[in-house]
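K.L.:
One predicted model, sequence on top.
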Amino acid sequence: MFGIGPEELLLIALVALLVLGPERMPKLMRDIGKVVGDLRRTSDELRDDFLNADKYLEAKPTSVATTTPEAPAAEGAPSGPPGESAFDREMREAKERLRGT
């Protein structure tokens, strides 16, 4: 864990015991254990999601149609290809502005 061996962990725990005292040390260790457990569970869930992402993608068919209605084009704005999403139109317009056309 972070390149820290058992000897270093024991030394850190001993210093923490001296600094915090025996009253606060058990509560601190419990809290640290909960945080580490939550991080491990979250890490395991994320790893499983990444490993199984291909299964999720195969299960859901992708559609070309957008689910949200597109905003109407402003007057004088160049029209794009049919079926172009609002995001694609914005990207195309930004590229055109960068090119200076």
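P.N.:
Here it is on my side, so go on.
K.L.:
Quick one: distance of the helix or strand harbouring Lys95 to the chain centre.
P.N.:
Following DSSP states H and E, one finds Lys95 within helix 86-99. On the basis of CA atoms, centre = their mean, to the nearest Å, helix 86-99 is displaced by 26 Å from the centre of the chain it belongs to.
K.L.:
Could I get the buried residue list for it?
P.N.:
Using 16 or more other CB atoms under 10 Å as the test for burial, helix 86-99 gives Arg89. In this view, the C-beta of every residue, glycine as well, is placed from N, C-alpha and C.
K.L.:
same for whichever helix or strand Asp54 is part of, what does it pack against?
P.N.:
Using DSSP H and E, Asp54 sits in helix 53-59. On a contact count with 3 or more CB pairs under 8 Å, 6 or more residues apart in numbering; DSSP states H and E, helix 53-59 meets no helix or strand.
K.L.:
quick one: that helix to chain centroid distance?
P.N.:
Distance, centroid of helix 53-59 to centroid of chain: 18 Å (CA atoms, centre = their mean).
K.L.:
next one: stretch 89-101
P.N.:
29 Å.
K.L.:
For that stretch, C-alpha coordinates in CSV please.
P.N.:
Below are the C-alpha coordinates for stretch 89-101, written out as CSV (Å, rounded to 0.1, in the frame of the first residue of the first chain):
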residue,chain,number,x,y,z
ARG,A,89,-23.1,21.4,-35.8
GLU,A,90,-21.4,23.3,-33.0
MET,A,91,-18.1,21.5,-33.6
ARG,A,92,-18.3,22.1,-37.4
GLU,A,93,-19.0,25.8,-36.8
ALA,A,94,-16.1,26.1,-34.3
LYS,A,95,-13.7,24.5,-36.8
GLU,A,96,-14.9,26.9,-39.5
ARG,A,97,-14.4,29.9,-37.2
LEU,A,98,-10.9,28.7,-36.4
ARG,A,99,-10.1,28.3,-40.0
GLY,A,100,-11.4,31.8,-40.6
THR,A,101,-14.0,30.9,-43.2
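K.L.:
let's have the chain start at 333 instead
P.N.:
Shifting the count to begin at 333 puts that one at stretch 421-433.
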